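Colleague: test case, fold it:
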Amino acid sequence: MPSQEFEDAVAAVKTVGKDPGNDVKLKLYALYKQATEGDARGKRPGMFDLVGRAKYDAWHNLAGMAPEDAEDAYIAEVDNLLGD
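Modeller: Got it, this is the predicted structure:
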């Protein structure tokens, strides 16, 4: 079950006014998926699905990371974005 601090960070990231860029968004996506679902499952999207493939690869690269560690990393990344 996600911590309240993690849920607060998920809500707070939606308030970021400036686009943080694709690298940060991919990192946040991957950390969120790792924290909420664990290791990536399923087949890697095909080469013509560039966005799906990038998202899958970012998540897959976190294989083995504990959900609690992914939550902590997500919170730290959001805090960095918000300037806390």
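Colleague: buried ones in stretch 54-66?
Modeller: By neighbour count on 16 or more other C-beta atoms under 10 Å, the buried set for stretch 54-66 is 54-56, 58-60, 62, 65. Just so you know, the C-beta spots here come from the backbone N, C-alpha and C atoms, and that holds for glycine as well.
Colleague: which of these sits closest to Leu31?
Modeller: Leu62 (7.0 Å; C-beta to C-beta).
Colleague: check the closest one and give its pLDDT.
Modeller: As predicted, Leu62 sits at a pLDDT of 98.
Colleague: contact partners for it?
Modeller: Contact analysis of Leu62 by C-beta atoms under 8 Å, 6 or more residues apart in numbering lists 30-31, 34, 39-40, 70.
Colleague: what about the residues you listed, which are in helices?
Modeller: 30-31, 34, 70 (DSSP state H).
Colleague: got any ranges where the chain has weak pLDDT?
Modeller: 84 (pLDDT under 70).
Colleague: try 80
Modeller: For the chain, the stretches flagged by pLDDT under 80 are 1, 84.
Colleague: can you map out the helices along it?
Modeller: Under DSSP H, the chain gives helices at 4-13, 22-37, 50-60, 67-82.
Colleague: reformat the ones you listed as a markdown table; add distance to Arg44.
Modeller: Shown next, in a markdown table, are the helices of the chain (distance: least, C-beta to C-beta, whole Å):
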| stretch | distance to Arg44 |
| --- | --- |
| helix 4-13 | 26 |
| helix 22-37 | 14 |
| helix 50-60 | 5 |
| helix 67-82 | 20 |
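Colleague: burial check on the nearest residue to Arg53 once chain neighbours are set aside, number of neighbours?
Modeller: Ranked by C-beta to C-beta, 6 or more residues apart in numbering and with sequence neighbours excluded, the top spatial neighbour of Arg53 is Pro45, at 4.6 Å. When counting by other C-beta atoms under 10 Å, one arrives at 15 neighbours for Pro45.
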